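A.B. asks: what's the 3D shape of this:
(one chain, ligands or ions: 2)
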Amino acid sequence: MAYTRISNAVLNGTAGTLFLHEGLVQEFVPGGLKDPGSADKDRELDARGCHILPSLIDVHVHLRDPGLEYKEDISSGLSAAASGGFGRVLAMANTDPVNDNAGITGHMLQKAREHHPVGPFLHPVGALTRGLKGRDLAPLAELAQAGCRAFSNDGLPVQDNELFRRAVEYASDLDLKVIDHCEDSFLSSGGVMNEGRMSDYLGLKGIPDVAESLQVSRDILLAAYLNTPIHLAHISCASSVELIYQARQKSIPVSAETCPHYLHWSEELVSGYNTLARVNPPLRTRDDVLALRQAVRENIIDAVASDHAPHADFEKEVPFADAPNGISGLDTSLSLMLDLVRQGVLETQDLVRLMASNPGEIFRLPVCSFAPGDPADFILVDPEKQWVPGPETMLSKGRNTPCLGQTLQGRVMAHFLGGAAVINRL
Ligand SMILES: NC(=O)N[C@@H](CC(=O)O)C(=O)O
Ligand SMILES: [Zn+2]
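C.D. replies: Ligands and ions are numbered 1, 2, ... in the order given. The predicted structure is shown next:
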């Protein structure tokens, strides 16, 4: 169903009607319509109380397909994306088999087109090294040719600095970026949560924040030396923020993302051995949360990505030390970010910058600016609407989130891609 007008919604602080034509934005007319009665009801959506935002981009998700479809598959993952407000996602390569060749990339793209022909759109991220083993480079040109939008060894970060340097150089020759999961795996070895008072108290082996920031400093030094951009994934701690801030001052070409969970929760959430709070990098301290909030507010960190890492219920119903890392995020990210708006930490326009404009710029993906002729890719968000994440309301197969069963405020009420409604709760 293609609507021709969306009435009574707020765009950039102004209430009015958004007119669509053949999947494109026609114009936004502020104020009420003179003759609302004449509209064909089937062609109109009353979006009273909703904000219009561009369809969002999530630059870091794990869709588990091929190979781990019991956790998530491309169809369910993209449904969760649509529901959460994301019109484009970058899907990591730690599938089984790993996305290190054109065959796997092709499979992912074909499955996405088959199940979600009008979107959300999947942009595979190719592995940096074969099998993510960190020993030899994956065929980056082949992966680029097949449709990969970036390269990453996410999950199993490359420790060999020479190999990583070459990967960054080859990727740059292909005009694509490397996304680095920053972790010194010797420093983090065996760790299951943040290293500090809480890990001592719980008797769990910790991962120090320096395991992340040491690798962040490596990447910054390499980006400066090679004068080549590197994107830093899921930044979790103040010490990394400080390094990124300094790099920015020197115009070193690094960009960075953090995730809603690092902006909300600290290691205290692990108390009681809550496996839903186990994620890599781990939830850090309250001071880290505050530093990250400041960093997203001040554009030191460019983007917020979900790091959607779905797991089956039974995998999390084990002792903390045995549970897999990861939080399911596509369904809940935007609600958690809207909570920061309500708390006065961010403005609505900051969300657009962090979850659409900046990600679009970093990975050269289009974002609707509501100019006449733009593809009508947008969401209608009710910041007041309450909902409870659970099996009935989440479209991801993974319900592994600390939000499970909690009341969230702020919900995507409709999502349009190319003028067609992929979600409509109005
Ligand atoms: N972020 C996570 O906690 N888990 C990721 C892998 C990773 O990035 O470590 C996953 O694929 O499950
Ligand atoms: Zn990662």
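
A.B. asks: from now on I want contacts and neighbour counts done on CA atoms only, so please keep to that.
C.D. replies: Will do.

A.B. asks: hey, where'd the strands end up in the stretch 251-400 of the chain?
C.D. replies: For the stretch 251-400 of the chain, applying DSSP state E, counting those that start in this stretch gives strands covering 254-258, 303-304, 378-387.

A.B. asks: in a markdown table: the ones you listed, plus mean pLDDT and distance to ligand 2.
C.D. replies: Below are the strands of the stretch 251-400 of the chain laid out as a markdown table (pLDDT from 0 to 100; distance: least, C-alpha to the ion, whole Å):
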| stretch | mean pLDDT | distance to ligand 2 |
| --- | --- | --- |
| strand 254-258 | 98 | 11 |
| strand 303-304 | 98 | 14 |
| strand 378-387 | 98 | 27 |
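
A.B. asks: to ligand 1, which of those strands lies closest?
C.D. replies: strand 254-258 (11.3 Å; C-alpha to the nearest ligand atom).

A.B. asks: mind listing the strands that closest one pairs with, and their directions?
C.D. replies: strand 230-232 (parallel), strand 303-304 (parallel) (DSSP bridges).

A.B. asks: number of residues surrounding the residue in the stretch 51-200 of the chain that ligand 1 sits nearest to?
C.D. replies: Going by C-alpha to the nearest ligand atom, ligand 1 is nearest to residue 155 of the stretch 51-200 of the chain, at 3.6 Å. Neighbours of residue 155 under the rule other C-alpha atoms under 10 Å: 17.

A.B. asks: hang on, it packs against residue 95?
C.D. replies: No. The pair residue 155 / residue 95 is not scored as a contact, 10.5 Å apart, by C-alpha atoms under 8 Å.

A.B. asks: still on that earlier bit, output the strands of the stretch 251-400 of the chain as TSV; include the columns mean neighbour count.
C.D. replies: As requested, the strands of the stretch 251-400 of the chain are exported to TSV (neighbours: other C-alpha atoms under 10 Å):
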stretch	mean neighbour count
strand 254-258	25
strand 303-304	30
strand 378-387	21
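
A.B. asks: returning to that earlier point: redo the strands paired with strand 254-258 as a markdown table? Include distance to ligand 1.
C.D. replies: Putting the strands paired with strand 254-258 into a markdown table (distance: least, C-alpha to the nearest ligand atom, whole Å) gives the following:
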| stretch | distance to ligand 1 |
| --- | --- |
| strand 230-232 | 12 |
| strand 303-304 | 14 |
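
A.B. asks: how about those in JSON lines, adding distance to residue 291?
C.D. replies: Below are the strands paired with strand 254-258 laid out as JSON lines (distance: least, C-alpha to C-alpha, whole Å):
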{"stretch": "strand 230-232", "distance to residue 291": "16"}
{"stretch": "strand 303-304", "distance to residue 291": "14"}
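
A.B. asks: quick revisit: tell me the contacts of the residue of the stretch 51-200 of the chain closest to ligand 1?
C.D. replies: Counting by C-alpha atoms under 8 Å, 6 or more residues apart in numbering, residue 155 makes contact with 94, 181.

A.B. asks: do the same with residue 69
C.D. replies: Contacts of residue 69 by C-alpha under 8 Å, 6+ apart: none found.

A.B. asks: for the residue nearest the centre of the chain, give its distance to ligand 2.
C.D. replies: The residue lying closest to the centre of the chain (C-alpha atoms, centre = their mean) is residue 305, at 2.5 Å. Look at residue 305 and ligand 2: by C-alpha to the ion, to the nearest Å, they are 11 Å apart.

A.B. asks: thought that residue was touching residue 259?
C.D. replies: Yes. Between residue 305 and residue 259 there is a contact at 5.1 Å, judged by C-alpha under 8 Å.

A.B. asks: what's the helix or strand of the chain with the lowest mean pLDDT in contact with?
C.D. replies: In the chain, no helix or strand scores lower on mean pLDDT, DSSP states H and E than strand 44-46, which sits at a mean of 94. Residues from elsewhere that reach strand 44-46, judged by C-alpha under 8 Å, 6+ apart: 3, 4, 5, 6, 7, 8, 9, 426.

A.B. asks: sheet partners, orientation included, of it?
C.D. replies: Here, using DSSP bridges, strand 44-46 pairs with strand 5-11 (parallel).

A.B. asks: quick check: phi and psi at residue 121.
C.D. replies: Phi and psi for residue 121, reported as degrees, to the nearest 10, are phi -100, psi 140.

A.B. asks: same check on residue 24?
C.D. replies: With angles defined as degrees, to the nearest 10, residue 24 sits at phi -120, psi 160.

A.B. asks: any idea how far it is from residue 260?
C.D. replies: 31 Å (C-alpha to C-alpha, to the nearest Å).

A.B. asks: which residues do residue 305 and residue 259 both contact?
C.D. replies: Here residue 305 and residue 259 share the contacting residues residue 234, scored by C-alpha under 8 Å, 6+ apart.

A.B. asks: how many residues are close by residue 310?
C.D. replies: Residue 310 has 28 neighbours, counted by other C-alpha under 10 Å.

A.B. asks: I'd guessed it sits against residue 397; true?
C.D. replies: Yes. If you go by C-alpha under 8 Å, residue 310 and residue 397 touch, sitting 7.0 Å apart.
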